[in-house]
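Student: Provided below for reference: sequence and predicted model.
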Amino acid sequence: MNWAAMDWAILGPALIAGLLVLSTHVPLGAKVLDRGIVFIDLAIAQIAGLGVIAADALGLPEGGPAVQAAAVSAALLGAWLLTWTERKAPKHQEALIGVMFILAACAGLLILAGNPHGGEHLKDLLVGQILWVNHTQLLWLGGVSAALLLAMRLGWVDRLGRFGFYAVFALAVTASVQLVGVYLVFASLIIPALGTVKLQGSARLLAGYGIGIVAYGLGLALSALLDLPSGAVIVWALAICSLGASLIRR
C-alpha cells in the first residue's frame, strides 16, 4: 500500500466534489427509482457528454463557458425530448430512454472517430477525472447544486410538471458528469436509492447520504492506497456500502 498517496491536497477536493454530486443525486435517484425510469441518468449523462464532445470538435476551449453551455443545451434538449416521449408514449418510455442513450453514445463515437485523442476523451467521459478537480469546477458544481436543491425545496420543480423534473435532472447530471464521469453519475443516483428503497421520507434521504459519504471516502482512500482508478473503486464502494446498509437494516 502506498500511504504517501494519502494526500489531502488531492483527495480533499475530490471528496468535496463527491459530496456535491451526492447532494442532488441522492434525492433525484429516489425519484427516478420510484418512477421506474432507471436509465434516464445514463441517457442524459451521455447526451450532455455528446455536447462536450461536439464543443471540443469545434475547437472551443476545454472546460470553458462555451463548453458548459453546449453540455447544458444538449442535456436540456434531451430533457425536452423525454418530456415529449413520456406524453406521447408513456408505456415505452424506458425503451425510448435506452434508444436515446445508444444514439448519443454512437454519435459521440462518430465525432471522435477522426480524433487521435478520441479514446482518451471517451475514457474521461465514462470514468471521469475526480482526482483532478479544481476550485473553479467545485465552485461551479456547488452553485448549480445549491440552486437545484433550493428549487426542489421550494417546489418549483413540481410546478413545471414533467419538464421540470427532466430539466432539473439534466442540469444536475450536466454539472457532475464532466467531473466524475457517466459511470459514477449512474452509481451515485441509483445505488443509494436501491439501498434505501424500503425507507421513506427524510429517513431515506439521510440513509442515502450516509451510504454515499462513506462510499466516496472509502473509495477515494482505497484507490489512493492501491493505485487504482478512483471512479471504478468508488462505484464498487457504493455497491458494498449499500448492500451492507441493507443487511444491517434487516
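Tutor: The structure has been received and is ready for your questions.
Student: what residues are up against Leu76?
Tutor: Neighbour list for Leu76: 167, 170-171 [criterion: Cβ atoms under 8 Å, 6 or more residues apart in numbering]. C-beta coordinates here come from the backbone N, C-alpha and C atoms, glycine included.
Student: Of these, which is the nearest to Ala239?
Tutor: Ala170 (25.5 Å; Cβ to Cβ).
Student: and the host helix or strand of the closest one, which residues are buried?
Tutor: Per DSSP states H and E: Ala170 is located in helix 161-195. Neighbour counts over helix 161-195 (16 or more other Cβ atoms under 10 Å) mark 163-195 as buried.
Student: residue contacts, the residue nearest to the spatial centre of the chain?
Tutor: Nearest residue to the geometric centre of the chain (Cα atoms, centre = their mean): Val185, 2.5 Å. Residues counted as contacts of Val185 (Cβ under 8 Å, 6+ apart) are 21, 25, 41, 45, 173, 176-177.
Student: need the residues you listed in JSON lines with pLDDT and distance to Gly128, can you?
Tutor: JSON lines is the format used below for the contacts of Val185 (pLDDT from 0 to 100; distance: Cβ to Cβ, whole Å):
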{"residue": "Val21", "pLDDT": "93", "distance to Gly128": "10"}
{"residue": "His25", "pLDDT": "92", "distance to Gly128": "13"}
{"residue": "Asp41", "pLDDT": "75", "distance to Gly128": "14"}
{"residue": "Ala45", "pLDDT": "83", "distance to Gly128": "10"}
{"residue": "Val173", "pLDDT": "83", "distance to Gly128": "12"}
{"residue": "Ser176", "pLDDT": "85", "distance to Gly128": "9"}
{"residue": "Val177", "pLDDT": "82", "distance to Gly128": "8"}
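Student: for these, which one is nearest Val72?
Tutor: Val173 (10.2 Å).
Student: Surely the closest one and Ala48 touch.
Tutor: Yes. Counting by Cβ atoms under 8 Å, Val173 touches Ala48, with 5.9 Å between them.
Student: what touches both of the two?
Tutor: Contacts common to Val173 and Ala48, judged by Cβ under 8 Å, 6+ apart, are Ala75.
Student: picking that back up, using a markdown table, lay out the contacts of Val185 together with distance to Arg87.
Tutor: As requested, the contacts of Val185 are exported to a markdown table (distance: Cβ to Cβ, whole Å):
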| residue | distance to Arg87 |
| --- | --- |
| Val21 | 30 |
| His25 | 25 |
| Asp41 | 20 |
| Ala45 | 23 |
| Val173 | 21 |
| Ser176 | 27 |
| Val177 | 26 |
